[in-house]
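# Coordinates for the following, if possible.
(one chain, ligands or ions: 1)
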Amino acid sequence: MATDRQFLAYANAAIISIRQYNSQIPIQIFVCDPLPELEEQWKDLDVTLLKVDTTSVESSRVSKKDRMIIRTRYTKIKAITENNFDPCLYLDCDIVACSDVGTIGSCLDLGSNDIYALLRRPKIPSLFEWRWLYFTDPDSLTIQSITNLINQTFATDYSVNQIEKLKCWNGGVLYGTSKAMKILGERWLSFYLRLTLGELRRRFIPNDQLSLWLALNQLQNSISIKELPLEWNFMPGHVEGSLNTDLDRFIRSYGVKILHFAQNKDDEWAVALREQIVAEFEYKCASRKNDSTAKRSAAAR
Ligand SMILES: [Mn+2]
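Below is the predicted model of the structure:
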């Protein structure tokens, strides 16, 4: 997992929710900000914090907003290149575990070069329809000019047809061998640096997913990308049906194992859910502390 100061509240709820189902599984969180206020608490939750140095990408030539996006995305990709778990499950911090994430190994077969990611279905999205998320001038772009822009920026040789068919995997939950994740992470990072620091950087919004799709596409011969079942990266906003229904029932009916807030991050129900997870945890910690204080004073008497 990776986070920064801005996403702290999400990361906190994510970690607490993982620990509710599994107290053993090692958790590493890559951070680009010092987070002293949570270090104590995360120690209780048995989480290892790893600092990522983002100075190399904090160019003063980009806007403050872009700088924030770039350092967060860079930290995320670093979490994948520097993973040291085998197998490795990468999770965005805007998730909530609804079951034991440690069981993923018994649910999915993993060959030595495999990576699982979600491809949205039934309607598979395309880069062209999502161009407003990746390019600063989406309205003026054609599929041909997008193809040219990509080839120039990433030193690739795509045809229009290939860019039309580029698969738009979701990078919020990735599961693979350590080796495959490192291979992916390194290519992903090199593409992301071209996008954010290269000559044509002003043409791109510094989101990280376009570089992921290109990296996965380029690595077809060295890693094998498989479709993650929906329940492991369940983004409610993308699923038919209403979020007005009882959330528990919604989660149960889809067998959700990992809920990914994604574009619903700031929805009322999403904020309420993560706040509830943290509040219940804090209440439990406080009552445990009271218990042991009461026992100590009883013993003293
Ligand atoms: Mn996410």
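# What distance do you get for Leu210 to Arg194?
11 Å (Cβ to Cβ, to the nearest Å). Backbone N, C-alpha and C define where each C-beta goes, glycine included.
# Repeat that for Ser211.
Ser211 is 8 Å from Arg194, by Cβ to Cβ.
# neighbour-wise, which of these two wins?
Ser211 (27 against 19; other Cβ atoms under 10 Å).
# what's the more buried one in contact with, if anything?
Shown in contact with Ser211 (Cβ atoms under 8 Å, 6 or more residues apart in numbering): Trp188, Phe191, Tyr192, Arg194, Leu195.
# show me the contacts for the second one.
The contact partners of Phe191, by Cβ under 8 Å, 6+ apart, come to Phe154, Ser211, Leu214, Ala215.
# For the residue nearest to it when sequence neighbours are not counted, give me phi and psi.
The shortest distance from Phe191 to any non-neighbouring residue, by Cβ to Cβ, 6 or more residues apart in numbering, is to Ser211 (3.8 Å). Backbone torsions of Ser211, given as degrees, to the nearest 10, read phi -60, psi -30.
# before we move on, the earlier item: quick one: which of the contacts of Phe191 is most hemmed in?
The residue in these with the most neighbours, by other Cβ under 10 Å, is Ser211 (27 neighbours).
# Around the ion, pick out the residues from the stretch 1-150 of the chain.
With the criterion set to Cβ under 5 Å from the ion, the stretch 1-150 of the chain comes near the ion through Asp92, Asp94.
# and the residue of the stretch 1-150 of the chain nearest the ion?
Asp92 (3.5 Å; Cβ to the ion).
# give me the element the residue nearest to that residue when sequence neighbours are not counted is part of.
Leaving aside its sequence neighbours, Asp92 sits nearest to Gly172 (Cβ to Cβ, 6+ apart; 4.1 Å). Using DSSP states H and E, Gly172 falls within strand 170-176.
# Make CSV out of the contacts of Phe191 and add secondary structure.
Formatted as CSV, the contacts of Phe191 follow (DSSP: H, G, I helix; E, B strand; the rest coil):
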residue, secondary structure
Phe154, helix
Ser211, helix
Leu214, helix
Ala215, helix
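# Max pairwise distance over these: which two?
Phe154 and Ala215 (9.4 Å; Cβ to Cβ).
# Strands along the stretch 201-301 of the chain, start to end?
Assigned by DSSP state E, counting those that start in this stretch, the strands in the stretch 201-301 of the chain fall at 224-227, 258-260.
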